[in-house]
Structure formats: structure tokens, C-alpha cells
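Asks: Quick one: sequence plus predicted model below, questions after.
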Amino acid sequence: MARDPLVYALTIPNYGTFIYEISDKGLIRVNWEEEKDLREDYEDPLGLSRLLKLYFSGETVDFKGVPVDYRDISITYREILEFIRDIPYGNTITYGEVAERLGKPRSARVVGNAMRINPCPIVIPCHRLTARNGLGGYSLGIDKKILLLHLEGVNIC
DNA sequence: TATTACACCCTAT
DNA sequence: ATAGGGTGTAATA
């Protein structure tokens, strides 16, 4: 466990409150909670609050510049999470395709596991992964995945 | 150690 | 439609 993380919070009306932890190496995790009291991050050391506000206002935001602290994540999952950071806004890719691109064509399920433990939703855009036969899952609830894809203009059948 | 449970996907029945 | 095997990790015993 990385030590001495700093905790910040930002509420975006109609979407929720984002609590995020930052270490000296970067972002450790993002929690997306139901909206409670209004909270505003005035420090915003990584520029994340600004990006989140832009993102939820509908702008095409690239979170690739936000440093992530992967120290608590196994090398396999880390590789997968780093790979999917490059999926552009508004695009989707299949779990199986990611596995193929990483040279492990039978490991689609492992890719799903990496998404399941993704500590930084939105910043690491695991919502852009879909199953071959449908939408696939989302740890925070499938409605959140649909919301994000809709926000990015992805058409869902 | 061994077992189990996964945000999948392919190939058989 | 459904079952089972291939994958890697983490939680649990």
C-alpha cells in the first residue's frame, strides 16, 4: 500500500461525488459515490477536478496525462490497464480484442478481471470495453457504464 | 497448498 | 440454448 495518500473530493451536480486519493507517484484510486453534500476541490493537484468538470459538461476530455500510481496492482493487470488508457474518447473495444492486442488471445476473461479491479474509473476508461455479444459488465453498476458511453456519444443497441 | 469466483470467448453438443 | 475449457489474480481455508 502506497503511504500518505492525500484525499480530495469534488461534487458534480446530477452525477455524483468523486473522492480521489493521490500519492507522490500519482492517482491511487477514484471513488464515485452518490451525491451527498456538495464538495469542491480547490487544490486540484493533478488537474483532475478540472478535467472531470469538463468531461461531465460534455467536452472531449483526454485523461491520459493524469499520472496513475500502479504500485498496488499486479504486473498483468497493470499492463492491461495501461493499454486501455489509449482507447480514445467515444471509442469502444472488445475484451477479447484487448487480449489479442496484448498477445494473449485466450485471456479475454483476465482482461475483464483487470477492469473489475480498476481503481480509477473514468481516468482509466474501462467503460469503453464491451463484450462480443453485448455490453459486458461494470463494477459500479451497468447504468453508470451506459451513462458514460452515452455521454461520449456511443450508440448502444 | 487448494479451491473458488470472477465485467470473457470459443467450441462443441 | 447450454456446457465446458482456456486464462491470471485475489480471497479464503
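Replies: Alright, I've got the coordinates.

Asks: Run through the residues of chain A sitting next to DNA strand B.
Replies: A:94-96, A:99, A:108-109, A:111-113, A:115-116, A:118, A:121, A:126-127, A:129, A:131-133, A:136-140 (CB under 7 Å from any atom of the strand). The way it works is simple: take the backbone N, C-alpha and C, and place the C-beta from them, glycine included.

Asks: which of those residues are buried?
Replies: Among the residues of chain A next to DNA strand B, those classed as buried by 16 or more other CB atoms under 10 Å are A:94-96, A:99, A:108, A:111-112, A:115, A:118, A:121, A:126-127, A:129, A:136-138, A:140.

Asks: Can you list which of these are found in strands?
Replies: Within these, residues falling in strands by DSSP state E are A:Thr94, A:Leu129.

Asks: Now for the residue nearest to A:Gly26 when sequence neighbours are not counted: which residues touch it?
Replies: Counting by CB to CB, 6 or more residues apart in numbering, A:Gly26 lies nearest to A:Pro67, which is 3.2 Å off, once chain neighbours are set aside. When contacts are counted by CB atoms under 8 Å, 6 or more residues apart in numbering, A:Pro67 touches A:Lys25, A:Gly26, A:Leu27, A:Leu46.

Asks: Pull out the buried members of the residues you listed.
Replies: A:Gly26, A:Leu27, A:Leu46.
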